[in-house]
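*Asks:* When you get a sec, could you give me coordinates for this:
(chains A, B, C, D and E, ligands or ions: 4)
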Amino acid sequence: MIRAFGYNEFLFLLSAVQWTLMLSVIAFIGGGLVGLFVALGRTSDVKPLRLLATGYIQLFQGTPLLMQLFLVFFGATVIGIDMSPWVAAAVGLTLNTSAFLGEIWRGCIQSVPRGQWEAASSLGLRYPGLMRYVILPQAVKVAVPPTVGYLVQVIKGTSLAAIIGFVELTRAGQIVNNATFQPFLVFGIVAAIYFALCWPLSLLSQRLEARYAAPSR
Amino acid sequence: MTYDFQFDAVFASWDYLLDGAWLTVRLSFGAMAIGMVVAILCALGKTSGPKPVRWAINVYIEVIRNTPFLVQIFLIFFGLPTVGLRLSPDVAAMIAMVVNVGAYATEIIRAGIESIHKGQIEAGLALGLRPLQVFRYIVLKPALRTVYPALTSQFILLMLSSSVVSAISADELTSVANNIQSQTFRSFEIYIVVTGIYLVLALMFSALFAGIYRLAFAYTVDRR
Amino acid sequence: QSVEDIKGKGKLTIGMLVDFPPFGITSSDGKPDGYDADVAKLMAKHMGVPVDIVPVTGPNRIPYLLTGKVDVLVASLGITPERAKQVAFSEPYAAIEIGLLAPQKSTVAKAEDLSGKSVGVARASTQDQSLTAVAPKDARVMRFDDDASAVQALLSGQVDALGVSNVVAQQIKTMAPQANYEMKFVLKSQVQGVALRQGQDKLMGWVNGFLDTVKKNGELNAIHQKWLGTDLPAAVTASKS
Amino acid sequence: MSADVVIRMEGVQKWYDQFQVLKDIDLEVHRGERIVICGPSGSGKSTLIRCINQLERHQKGRITVNGVELGPHHRQLDMVRREVGMVFQSFNLFPHLTVLENCMLAPLKVRGTTKAEAKATAMRYLERVRIPEQADKYPGQLSGGQQQRVAIARSLCMNPKVMLFDEPTSALDPEMVKEVLDTMIGLAEDGMTMLCVTHEMGFAKSVAHRVIFMDRGEIVEQNTPEEFFTAPKSERTRSFLGQILTH
Amino acid sequence: MSADVVIRMEGVQKWYDQFQVLKDIDLEVHRGERIVICGPSGSGKSTLIRCINQLERHQKGRITVNGVELGPHHRQLDMVRREVGMVFQSFNLFPHLTVLENCMLAPLKVRGTTKAEAKATAMRYLERVRIPEQADKYPGQLSGGQQQRVAIARSLCMNPKVMLFDEPTSALDPEMVKEVLDTMIGLAEDGMTMLCVTHEMGFAKSVAHRVIFMDRGEIVEQNTPEEFFTAPKSERTRSFLGQILTH
Ligand SMILES: Nc1ncnc2c1ncn2[C@@H]1O[C@H](COP(=O)(O)OP(=O)(O)OP(=O)(O)O)[C@@H](O)[C@H]1O
Ligand SMILES: Nc1ncnc2c1ncn2[C@@H]1O[C@H](COP(=O)(O)OP(=O)(O)OP(=O)(O)O)[C@@H](O)[C@H]1O
Ligand SMILES: [Mg+2]
Ligand SMILES: [Mg+2]
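*Replies:* Ligands and ions are numbered 1, 2, ... in the order given. Take a look at the predicted model:
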């Protein structure tokens, strides 16, 4: 019954990459949108907002993504909502990613010197304009390297979506391994594919960081 | 609602769950402590070692950070026996976690070291301290202080990611949860409880780190 | 839920394993395949609706069923009393023999001999349960996520023995002939059933009727021949209630 | 209230937690008046002028700017901030915007002027501070003195009724202090109402109508510059001047 | 070489890449001599004194400190650094150590003195700079002036033969400048050999034996303070003094 590891198996692994990528994109878009609000809440002057954002971050950074995905997917069904795996993955990954991005971006927003807020508000700018034209453009510059770096974590983290039925790269590796019983070859290839996906991003993030750290003159 | 909750099966296995949580805690702390040592040495090597050392450390960091933890664990647990090194799942898990967290923490600590103002190092040198003494007595502590929050979240991530070691049959919290559910099939209830335990552990870790910070790093830096 | 409900819905959603050869595998072009897949397709054909096969894993297959994400499981689920408390089983549609595999030179001959030894199993599998039931207290049962990992643990020497089905054992022997593994003793002859949520008597009636038909008309036997190379075992054909 | 009082502070008090930074401050600034505030570090000088545009909230007393009262609950904050310009010790130019964009931002987004108009105004004030040729550079490309002059121009573009300065020259290299002070003197000559925290006593002597000395959250002395430097009334002023002027 | 020459620089040159920062510097400092170095920003003042304890390496020429030559390959670096104290513009106290620990670190780790002895020495010098009562505070809890005095005490604990100062007062608030200058004057009175980069001309006039004016990497003028301020020889000196002293 055992198959040899052949070209078809390799293709199967490769085609699983599309799910990994698609899940990553979903996580990143959802997490980015929600994460922005988490970051704004976390840096807000309004105490309840701040507490809410802090609790949100604590909750979703303090529990494993695996459990979050499981509970969203099966939990929704339990309370009577029909949830497709895609929606569940989107919700679970968004919750988790937004908590992490929110925390990363909070730091970036706070790294903009206090004097910038003061200068902008003494010119009469209100919160939305102040954020939009003065603080965020500066925070974005600081945020890009760690955000790109975090993308690597997101890509690797999508492997947990296997629990709700996605056959993404890691799961595909397990499946092929169960058909071929060649773990070193299979997981070696899986690792190599991940490396090929992630390393350019890591390099990019380091490049950006170095460029940002260089004096602006 | 098609599902009816039965938590008694979970609570019947409470001891077993606590054993799992305890192994999670032990693995996390052990890996954290050893990982810190690894990371400090690697960060030192990376910031001021000779070129081959820097290069080797870079390869280590890049390989670990860009491949999944699961694969790393597989290679250590199933791969090392082929060179004659047979490890128990707990030890293999610990090694994998050290190797993993070491790579991340190296980068964090390196950033901390680079954030130290050049003047601090110069002041140390001007007083006659040797470069290693400058690192040990002047750079290290403030560097750790600046990256303390990042280190804290890295360690909590480590604790959460330890769930992956269930794949090599180390019986930590997630593994125990899966074992219990394979006997009781109350997976939904168990996952809720286990998620709660993870959250409690994470909060305890945070509190502990905050305590350590207050003891060791709470010197005033800025007068305001 | 009844057959009419499913027909009304337009498709039969079936959960199956894809990492349990030869019952559930993924074909070279990435589709669910194997004995279970063929049974599932056959079932849908008899019902007259298209089939929707959902790949599940050993640990999450029962949640899939209980939360209604699939209508039935054709997922190599061994019929055990523990499971029968949670799900409803049909008549058996397949059977395997679970045994203990160890190197020839190993002296293990019965469950008690496992004292002080480590045994690998796939977590949440039938062999997990039956081995846990008979292993002495100081034997270490090491649970892996799937058969492939457990087998790898045996091959790399991380465990002394392996609780495994006869089907997988056969594969290990062909894969590593030089290691001389042999079945030391049989833990259990395990029949597998289609699993439903409890209380769906009408659907259960239909499933059992379907199984009866395909056992009699030889369709099931053909599938068994295709994937396992033998006729349906007596445990399956005999247990006609 | 006489028509030409631009800023009026009455019994203003402020605490940080337990620590009282401003104790019962009374101050009136008239249109066209130029006031220099000095005093030891931590005496509350910055806090005082930052209360005027409410970068810090006060807890007690009344502050009226241009006829608008800044109560503890106020909606008039926006109105006031448009009318009050502020220049900081650390320039606080927006590093991601060019000099010109720095100057145009507030008129565009706060006043809603047209782009062309904002640009014209910005160029006018950049000429005024004598760096129109730097308009398209980024702040990071300028010297400290040039940056501070841009900061002044940026404030002026909002056409403020009052300008607040918080130690505008103390972060500058010695050679650049003069160019900034000259710009401020120019402003003074045009009749701008100014409140200026500074230790540049030469500047105080030549342009201030009034010098205010603060210590521990109180206004200890108010005087004309001549009197202030030659015949300080209080002992604390004397010892402070002694420290500042001897070396 | 006369016995009492502590520092001797001969034809010292230094480049950053293509850019020459020090051009053929010759300088002799005698035991007990006090030298003030001034000059425009970027003229190489810091680089000059940092070459003396080799925080910067020079590429050409000879530097001899206390009889030890600092060649391009040297093992004597450690010896020299123990004998040369340095005080920086930005204090550079170690923020994680108390004031006392700051002062004890180098004697303990470099000289290997006992803890008791190191502590006694540290307290002696902290008294000398008049802040023994701050010994157990962290640097972050002190004012700038206090921090700089601790930095001076910390250097003195190593019992150096020469002290280098790089603009020790220019990061300080005006009121604190005096307390630091007073400490330095005290040191001078005790006969310490000092090289001091500063723009505090009052200090230069009252304690320096010699004032050195640098511009673009060269020593343009060396003179007694009297002559330097009243009758500068070069045009560049004159225009620099003009800028510094007017406002
Ligand atoms: N955010 C704050 N929290 C607590 N205390 C503060 C805060 N800001 C200022 N203070 C304290 O308030 C007092 C007055 O500060 P302020 O900045 O107004 O002084 P200043 O006269 O401007 O001093 P400097 O000359 O140093 O700028 C100081 O003692 C300071 O420590
Ligand atoms: N690490 C470096 N790389 C390149 N150029 C440098 C470096 N450090 C200093 N320079 C250049 O060397 C020149 C002299 O610098 P130095 O710091 O000695 O001047 P300075 O006289 O101390 O000036 P300041 O009064 O601003 O402290 C300057 O033009 C400076 O830009
Ligand atoms: Mg101030
Ligand atoms: Mg300098």
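
*Asks:* What are the boundaries of the helices in chain D?
*Replies:* Secondary structure of chain D (DSSP state H): helices at D:45-52, D:77-83, D:99-106, D:115-128, D:144-156, D:174-189, D:201-207, D:225-230, D:235-246.

*Asks:* Over to chain C?
*Replies:* C:3-9, C:35-47, C:61-66, C:81-84, C:126-134, C:147-155, C:166-175, C:201-217, C:219-228, C:234-238.

*Asks:* Can you tell me which helices and strands the first one packs against?
*Replies:* Translated: helix C:3-9. helix C:35-47, helix C:201-217 (3 or more CB pairs under 8 Å, 6 or more residues apart in numbering or on different chains; DSSP states H and E). C-beta here means a position set from N, CA and C on the backbone, and glycine is covered the same way.

*Asks:* Please work out the average pLDDT along it.
*Replies:* Per-residue pLDDT over helix C:3-9 has a mean of 83.

*Asks:* Tell me the gap between it and the middle of its chain.
*Replies:* 27 Å (CA atoms, centre = their mean, to the nearest Å).

*Asks:* Stretch B:214-224 and chain A, are they touching?
*Replies:* No. Stretch B:214-224 is not in contact with chain A by CB under 8 Å from any CB of the partner chain; minimum separation 10.2 Å.

*Asks:* any residue of the longest helix that chain B contains up close to chain A?
*Replies:* Criterion DSSP H: the longest helix present in chain B is helix B:14-48. No. Using CB under 8 Å from any CB, helix B:14-48 never reaches chain A; the gap is at least 10.6 Å.

*Asks:* Which secondary structure elements does that helix sit against?
*Replies:* Using 3+ CB pairs under 8 Å, 6+ apart, helix B:14-48 sits against helix B:51-65, helix B:89-115, helix B:148-161, helix B:173-184, helix B:187-216.

*Asks:* Mean neighbour count for the helices of chain C - can I get that in CSV?
*Replies:* As requested, the helices of chain C are exported to CSV (neighbours: other CB atoms under 10 Å in any protein chain shown):
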stretch, mean neighbour count
helix C:3-9, 13
helix C:35-47, 22
helix C:61-66, 25
helix C:81-84, 13
helix C:126-134, 21
helix C:147-155, 25
helix C:166-175, 18
helix C:201-217, 16
helix C:219-228, 18
helix C:234-238, 15
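
*Asks:* just so I know, which of those lies nearest residue D:241?
*Replies:* Closest of those to residue D:241 is helix C:61-66, at 80.8 Å (criterion: CB to CB).

*Asks:* what comes into contact with the closest one?
*Replies:* A:70, A:74, A:165, B:2-3, B:185, B:187-188, C:15, C:17, C:54, C:56, C:69-70, C:72-73, C:75, C:77, C:83, C:86-87, C:195-197 (CB atoms under 8 Å, 6 or more residues apart in numbering or on different chains).

*Asks:* Now a PyMOL select for only the buried ones of those residues.
*Replies:* The following PyMOL line selects those of those that are buried, judged by 16 or more other CB atoms under 10 Å in any protein chain shown:
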select buried, (chain A and resi 70+74+165) or (chain B and resi 3+185+187+188) or (chain C and resi 15+17+54+56+69+70+72+73+75+77+83+86+87+195+196+197)
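
*Asks:* and the contacts of helix C:61-66 near ligand 2, which?
*Replies:* Filtering the contacts of helix C:61-66 for neighbours of ligand 2 using CB under 6 Å from any ligand atom leaves an empty set.

*Asks:* Among the contacts of helix C:61-66, which lie within strands?
*Replies:* Using DSSP state E, the subset of the contacts of helix C:61-66 located in strands is C:15, C:17, C:54, C:56, C:72, C:73, C:87, C:195, C:196, C:197.

*Asks:* any idea how far the nearest residue in space to the third one that is not next to it in sequence is from residue C:209?
*Replies:* Once flanking residues are discounted, residue C:54 sits nearest to residue C:15: 4.9 Å by CB to CB, 6 or more residues apart in numbering or on different chains. For residue C:15, the distance to residue C:209 (CB to CB, to the nearest Å) stands at 21 Å.

*Asks:* Quickly, which of the helices and strands packed on helix B:14-48 bottoms out on average pLDDT?
*Replies:* Looking at the helices and strands packed on helix B:14-48, the bottom one is helix B:173-184 with a mean of 85.

*Asks:* could you give the angle of that helix to helix B:14-48?
*Replies:* Here the directions of helix B:173-184 and helix B:14-48 differ by 150 degrees (axes from the mean of the first three to the mean of the last three CA atoms, to 10 degrees).
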